[in-house]
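Peer 1: heads up, no residue letters with this:
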């Protein structure tokens, strides 16, 4: 350091010079795109000092401070909320109209006078579309809808806040229903809007998921919050959690211009908590009506069945009665016909036997009188025949006897011997042949007068 | 089917079956009185179920803390 420079500027001189250059060169308003890294809203003054940043793949390319004066902020944010359904916030990509300002005391800043809600809306719609496509691609879009809705949706896990009007509307209806239906509900408190809602609701969903066997359904109830802060329901993390939930999730988030993704993937979206309460009550009504119908049907069908059976029994009894009667009549007829036949047949038989008997008697009479008549004649004739026979037999026998006497006289041996016949004896016995005789044997011959003894000299056996 | 395990859905399903059987004449007079007795039990159960729940908050909280 040699000498003290004689010419120099004060800081304010530089600042003022810069200020005039900026004013001259950047006198217009420009539309600029940037991300709000922090909004820096000061409620007390109502001013905003957003930190703006431009990043490329996470690397900061530029950053600058901005100012939204209280008056502008009220107008801009109001318009923004109205159109985009959410307030300005950290991390938001915005398109804004601003003028480059330089203040000697505060330095550079962009004075924002307008923010395009349409741009943010477009960004949000684009994000939503991408998330919707992703949910569909991952098979999540219909997943919760495909769950079987419980027949009796009686046990409800409610995600809401104690102070929510929607929550009170809902429990008022289901707890004080005039039909006396009993619901069981349990509140799982969560933030229901804004960026923190995603994490808060998800935490409760995960809690319920662990004990979901105690519940038939989950109801996300908001209600009463207007359209602001609903973009959390388009968030992938929340929508996918709802879609993947093991039991049906019903959304009663409230009136929104566009249906959020959570409402799209929910099992059912009755929109308002009141509608949801009436929807459940209607389910119970339907069940009660059905039970009554079943009761009526069973009673009437049972009566009908009994009546039918009675009718059939009566028919049977009538048929049996008439069949019995006609059977008895038929048998009676048969019996009397049979009696007649028996009577007639026995008369016929009697008649036949009687005439047979008559014939027999007649024959017997006829025969016996003929026998009586013929008898004596026969006796006489027999007597005659006998007499005649006897007489002839006697005279015949007489003749035979005298003949025999003559023959007998002739046969006497003395008479025979007299006539010259002789009797030859051998060893004292008469012989009539040559058997037992041999030459030399001695024979005696008896004559009428005297005896001869001779010896056999020759035998002729002829 | 024991009484503890009976739930609304099963009860209604059984009732619907009884109604079908009666309507199609599948129930004989012999079985009728038994079926009617059964349906009376089921109807009573269903009607009661609509107007009462057995859920116990203490039990849920216990389950929640155990997880």
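Peer 2: Looks like it came in fine. What you see is a predicted model, and the numbers here were worked out from it, not measured in a lab.
Peer 1: near chain A, which residues of chain B are found?
Peer 2: By the rule CB under 8 Å from any CB of the partner chain, the part of chain B lying against chain A is B:8-9, B:12, B:15-16, B:18-19, B:22-23, B:25, B:27, B:29, B:32, B:36, B:39, B:43, B:46-47, B:49-53, B:55, B:57, B:59-60, B:63-64, B:67. All C-beta spots, glycine's among them, are computed from the backbone N, C-alpha and C.
Peer 1: select only the buried ones of the residues you listed in ChimeraX?
Peer 2: Selection of buried members from these for ChimeraX, criterion 16 or more other CB atoms under 10 Å in any protein chain shown:
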select /B:8,12,15,18,19,22,27,32,36,39,43,46,49,50,60
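Peer 1: phi first, then psi, for the closest residue to residue A:16 other than its chain neighbours.
Peer 2: Spatial nearest neighbour of residue A:16, chain neighbours left out: residue A:104 (6.1 Å); criterion: CB to CB, 6 or more residues apart in numbering or on different chains. Dihedral angles of residue A:104 (phi, psi; degrees, to the nearest 10) stand at phi -50, psi -30.
Peer 1: please report the distance of residue A:104 from chain B.
Peer 2: As for residue A:104, its distance to chain B is 61 Å (criterion: CB to the nearest CB, to the nearest Å).
Peer 1: show me where the chain has helices.
Peer 2: All of this is about chain A. Taking DSSP state H as the criterion, chain A carries its helices at A:11-25, A:70-84, A:117-137, A:165-175, A:197-210, A:236-243, A:261-265, A:273-411, A:413-418.
Peer 1: other chain: chain B
Peer 2: Here chain B has its helices, by DSSP H, at B:8-23, B:29-50, B:57-66.
Peer 1: go through the ones you listed and name the closest to residue A:397.
Peer 2: Residue A:397 lies closest to helix B:29-50 among the helices of chain B, at 116.0 Å (CB to CB).
Peer 1: what is the burial count for residue A:270?
Peer 2: Residue A:270: 19 surrounding residues under other CB atoms under 10 Å in any protein chain shown.
Peer 1: cool, and the one 10 residues further on?
Peer 2: As a burial measure, the neighbour count of residue A:280 was computed by other CB under 10 Å and equals 24.
Peer 1: show me the contacts for it.
Peer 2: A:153, A:156, A:174, A:183 (CB atoms under 8 Å, 6 or more residues apart in numbering or on different chains).
Peer 1: what do you get for residue A:294?
Peer 2: Applying CB under 8 Å, 6+ apart to residue A:294 gives the contacts B:12, B:15-16, B:18-19, B:39, B:43.
Peer 1: avg pLDDT for stretch A:244-254?
Peer 2: Summarised as a single mean, pLDDT over stretch A:244-254 is 92.
Peer 1: show me which residues of that stretch are buried.
Peer 2: Neighbour counts using 16+ other CB under 10 Å place A:245, A:247-254 of stretch A:244-254 among the buried residues.
Peer 1: now swap in stretch A:119-126 and tell me
Peer 2: Under 16+ other CB under 10 Å, the buried positions of stretch A:119-126 are A:119-121, A:124.
Peer 1: so how far is residue B:56 from the residue nearest to the spatial centre of chain B?
Peer 2: Centroid check for chain B by CA atoms, centre = their mean gives residue B:11 as the closest residue, at 2.7 Å. For residue B:11, the distance to residue B:56 (CB to CB, to the nearest Å) stands at 21 Å.
Peer 1: contacts only, for residue A:15.
Peer 2: A:102, A:104.
Peer 1: what's the answer for the one 3 residues further on, then?
Peer 2: Residues in contact with residue A:18, defined by CB under 8 Å, 6+ apart, are A:102, A:104.
Peer 1: give me the distance between it and residue A:104.
Peer 2: Distance of residue A:18 to residue A:104, computed by CB to CB: 8 Å.
Peer 1: stretch A:394-414 - what's its average pLDDT?
Peer 2: Stretch A:394-414 comes out at a mean pLDDT of 82.
Peer 1: and if you look at stretch A:442-454?
Peer 2: Stretch A:442-454 shows a mean pLDDT of 86.
Peer 1: now do stretch A:338-345
Peer 2: Stretch A:338-345 comes out with an average pLDDT of 89.
Peer 1: residue A:89: what's it in contact with?
Peer 2: By CB under 8 Å, 6+ apart, the contact list for residue A:89 reads A:36, A:39, A:195.
Peer 1: got phi/psi on the last one?
Peer 2: What that stands for is residue A:195. phi -70, psi -30.
Peer 1: mind listing what residue A:245 touches?
Peer 2: A:144, A:205, A:209, A:212, A:218.
Peer 1: how far away from the center of its chain is stretch A:362-382?
Peer 2: 105 Å (CA atoms, centre = their mean, to the nearest Å).
Peer 1: sorry, that was for stretch B:31-38
Peer 2: 15 Å.
Peer 1: what residues sit buried inside it?
Peer 2: Buried residues in stretch B:31-38, counted by 16+ other CB under 10 Å: B:32, B:35-36, B:38.
Peer 1: switch these over to CSV; also include pLDDT.
Peer 2: CSV is the format used below for the buried residues of stretch B:31-38 (pLDDT from 0 to 100):
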residue, pLDDT
B:32, 85
B:35, 88
B:36, 88
B:38, 92
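Peer 1: quick check: which ranges of the chain have low pLDDT?
Peer 2: As the question left the chain open, I've gone with chain A. Across chain A, residues meeting the criterion (pLDDT under 70) sit at A:1, A:224-228, A:255-257, A:462.
Peer 1: that's the wrong chain, I wanted chain B
Peer 2: B:1-4, B:67.
Peer 1: which ones are touching the residue nearest to residue A:206 when sequence neighbours are not counted?
Peer 2: Leaving aside its sequence neighbours, residue A:206 sits nearest to residue A:241 (CB to CB, 6+ apart; 7.6 Å). Residue A:241 makes contact with A:201-202, A:205-206 under the criterion CB under 8 Å, 6+ apart.
Peer 1: make it 10 Å
Peer 2: When contacts are counted by CB atoms under 10 Å, 6 or more residues apart in numbering or on different chains, residue A:241 touches A:140, A:144, A:198, A:201-203, A:205-206, A:209, A:235, A:249, A:262, A:265.
Peer 1: on that earlier part again, which of the buried residues of stretch B:31-38 sits closest to residue A:100?
Peer 2: Once CB to CB is applied, the member of those that ends up nearest residue A:100 is residue B:38, at 85.4 Å.
Peer 1: the closest one contacts residue B:22, correct?
Peer 2: No: the pair residue B:38 / residue B:22 is not scored as a contact, 11.6 Å apart, by CB atoms under 10 Å.
Peer 1: shared neighbours, the two?
Peer 2: The contact lists of residue B:38 and residue B:22 share A:298, B:31, where a contact means CB under 10 Å, 6+ apart.
Peer 1: who touches residue A:119 in this structure?
Peer 2: So residue A:119 contacts A:31, A:33, A:84, A:93-96 (CB under 10 Å, 6+ apart).
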